[in-house]
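> Turn this into a structure:
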Amino acid sequence: MQFFADLHIHSKYSRATSKEMVPSNIAKGAKEKGLSLVATGDFTHPLWREELKSALTPYADGIFLCDDVYFILEVEVSNIYVKNGRLRKIHNIVYVPSFEDADRVSKALSKYGKLGSDGRPILSLPSENMVEIILKASKDAFIVPAHIWTPHFSLFGAFSGFDRIEKCFGENTNQIFALETGLSSDPPMNWRISALDRFTLISNSDAHSPRNLGREANCFNCDIDYFEIKNTIKNKDKKKFKYTIEFFPKEGKYHYDGHRKCGVKIPPDEAIYHNNICPVCGGKITIGVLHRVHLLSDRKKDAPMPENAIPFKHLVPLREIISEVLSVGVGSVKVEIEYHKLINKFGNEFACLIDASYDELTSVAGDRLADAIIKTREGKISVLAGYDGVYGEISIVEGKKEKKQLSLF
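Numbers count the residues shown, from 1 in each chain. The predicted model follows:
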């Protein structure tokens, strides 16, 4: 069966996360989006794990059910440690097939951090060693480096990451078979680095609220079974892994370089010209995802799709499209009314964004919104790039011009 899965989210126990992130609300948000399978997030947190045990019913191998939505046990951990004389801050996602495995993994990791202090725990543990510890506690677990280009907390992050995956995971690199692209990069950007060809690229929301579920996701055509999904990802099976759903990467909040305090946003070539120094205050700028991809790439921009790569689709969340068309805030009542009118008609958000015809959309939402959805589907939009923690802005109805960047010259 074909279905959509979001394999990286957070619970109410993670910092800066909505209190609405409880199983029932996650399930409700998943159904609105069109997700059949979602991750639980935060399984190492003792209180959350107990809530999950009460709320979820075993369904299949490694899969649980709540309010007609399937769940898979997952946690993101923050590995902070010194390696080769530098402080490293790497976020990794861990999946396990059972609560017994979750208990054992949590007990093993509790030696390296306070698991009850945050749903995404900080571990004083090198990523390489963690892989070995987790697989000893759960032989069927698997680990995926999270949002691999994010500047501050990721595998290839500008501030505390590595230039090669082997430098991070060492002898256990062979245990890593998938990488999460993150909101500020998409598959074509990752295809510029030939060393990544052997990994499967997955995309997830990293949602901190029900509304953000599925903003990136994965489309599978296989049984909803932990081991089937794991093997589909591991084997990069294009018959069973149909495509990923991606942000337009410019919309991600770390795509360009910049300095939010000074309102400076600049592309990599200009940042390099200025020696990565803010042209206003003279401080260091935040090196964005595009810059890091440029530095590590061995292929030109718009490199062809590798033969075994998984396809992808760019989408913009429906509420953002409606907000743009109506010229009102994304959280406004008008947006909510229009949003629910559409998902009530088409069943869920993905059905509206991916499958509904122009005539079907027009009959419910009118010409302007139908035009905007089709334009988005076809990639005929413009985006003001995000930078230094500021999300980019989409423009569908009328093209917005890039603001002139601040410069020394």
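
> beta partners of the residue nearest to Lys239 when sequence neighbours are not counted?
Of all residues not flanking Lys239 in the chain, Asn221 sits nearest, at 7.0 Å (CB to CB, 6 or more residues apart in numbering). In short, each C-beta sits where N, CA and C put it, glycine included. According to DSSP bridges, the residues that bridge with Asn221 are Gln2.

> Would you mind pulling up the elements that the longest strand that the chain contains packs against?
For the chain, the strand that runs over the most residues, judged by DSSP state E, is strand 69-83. Contact partners of strand 69-83 among helices and strands, from 3 or more CB pairs under 8 Å, 6 or more residues apart in numbering; DSSP states H and E: helix 23-33, strand 37-39, strand 63-66, strand 86-96, helix 99-109, strand 122-123, helix 127-137.

> Give the buried residues for that strand.
For strand 69-83, a neighbour-count test (16 or more other CB atoms under 10 Å) marks 69-81, 83 as buried.

> JSON lines please, covering those and showing pLDDT.
What follows is those, written out as JSON lines (pLDDT from 0 to 100):
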{"residue": "Val69", "pLDDT": "98"}
{"residue": "Tyr70", "pLDDT": "98"}
{"residue": "Phe71", "pLDDT": "98"}
{"residue": "Ile72", "pLDDT": "98"}
{"residue": "Leu73", "pLDDT": "98"}
{"residue": "Glu74", "pLDDT": "99"}
{"residue": "Val75", "pLDDT": "99"}
{"residue": "Glu76", "pLDDT": "98"}
{"residue": "Val77", "pLDDT": "98"}
{"residue": "Ser78", "pLDDT": "98"}
{"residue": "Asn79", "pLDDT": "98"}
{"residue": "Ile80", "pLDDT": "98"}
{"residue": "Tyr81", "pLDDT": "98"}
{"residue": "Lys83", "pLDDT": "96"}
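
> on that earlier part again, which stretch among the helices and strands packed on strand 69-83 is buried most, on average?
Counting by mean count of other CB atoms under 10 Å, strand 37-39 has the highest mean neighbour count of the helices and strands packed on strand 69-83, with a mean of 25.

> got the contact list for it?
Contacts with strand 37-39, where a contact means CB atoms under 8 Å, 6 or more residues apart in numbering, come from 3-9, 26-27, 30, 63, 69-74, 95, 204, 213, 224, 229.

> ok so, going back, quick one: work out the angle between the longest strand of the chain and helix 127-137.
In this structure, strand 69-83 runs at an angle of 140 degrees to helix 127-137, with axes from the mean of the first three to the mean of the last three CA atoms, to 10 degrees as the basis.

> Quickly run through the sheet partners of strand 69-83, with directions.
The pairing partners recorded for strand 69-83 under DSSP bridges are strand 37-39 (parallel), strand 63-66 (antiparallel), strand 86-96 (antiparallel), strand 122-123 (parallel).

> just the angle between the third one and helix 99-109, please?
Interaxial angle, strand 86-96 versus helix 99-109 (the same axes, to 10 degrees): 160 degrees.

> For strand 86-96, give the mean pLDDT please.
Confidence over strand 86-96, taken as the mean pLDDT, stands at 98.

> Return the distance of that strand from the chain's centre.
Strand 86-96 sits 14 Å away from the centroid of its parent chain (CA atoms, centre = their mean, to the nearest Å).

> Using PDB, write out the CA atom coordinates for that strand.
Once side chains and other backbone atoms are set aside, the C-alpha atoms of strand 86-96 remain, and they are given as PDB (Å, rounded to 0.1, in the frame of the first residue of the first chain):
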ATOM      1  CA  ARG A  86      36.900  20.700  18.400                       C
ATOM      2  CA  LEU A  87      33.600  20.800  20.200                       C
ATOM      3  CA  ARG A  88      31.100  18.700  18.200                       C
ATOM      4  CA  LYS A  89      27.300  19.100  18.400                       C
ATOM      5  CA  ILE A  90      25.600  16.400  16.300                       C
ATOM      6  CA  HIS A  91      21.900  15.500  16.300                       C
ATOM      7  CA  ASN A  92      21.000  11.900  15.500                       C
ATOM      8  CA  ILE A  93      17.700  10.100  15.200                       C
ATOM      9  CA  VAL A  94      17.300   6.600  16.700                       C
ATOM     10  CA  TYR A  95      14.500   4.100  15.800                       C
ATOM     11  CA  VAL A  96      13.700   0.900  17.700                       C
END
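
> Can you get me the start-to-end distance on stretch 261-276?
Separation of the first and last residues of stretch 261-276 by CA to CA, to the nearest Å is 15 Å.

> What are the buried residues along it?
Of the residues in stretch 261-276, those scored as buried under the neighbour-count criterion (16+ other CB under 10 Å) are 262, 264-268, 270-271, 274, 276.

> can you tell me which residues contact Gly119?
Contacts of Gly119 were listed using CB under 8 Å, 6+ apart, and they are 10-15, 17, 41-42, 44-45, 48, 75.

> rerun at 7 Å
The contact partners of Gly119, taken as CB atoms under 7 Å, 6 or more residues apart in numbering, are 10-11, 13-14, 41-42, 45, 48.

> Mark which of those are part of helices, please.
Secondary-structure check on those using DSSP state H: residues within helices are Trp48.

> Which among the contacts of Gly119 count as buried?
Burial by neighbour count, judged by 16+ other CB under 10 Å, picks out 10-11, 13-14, 41-42, 45, 48 from the contacts of Gly119.

> ok, so of these, who is nearest Leu115?
Ranked by distance to Leu115 (CB to CB), these are led by His45 at 6.2 Å.
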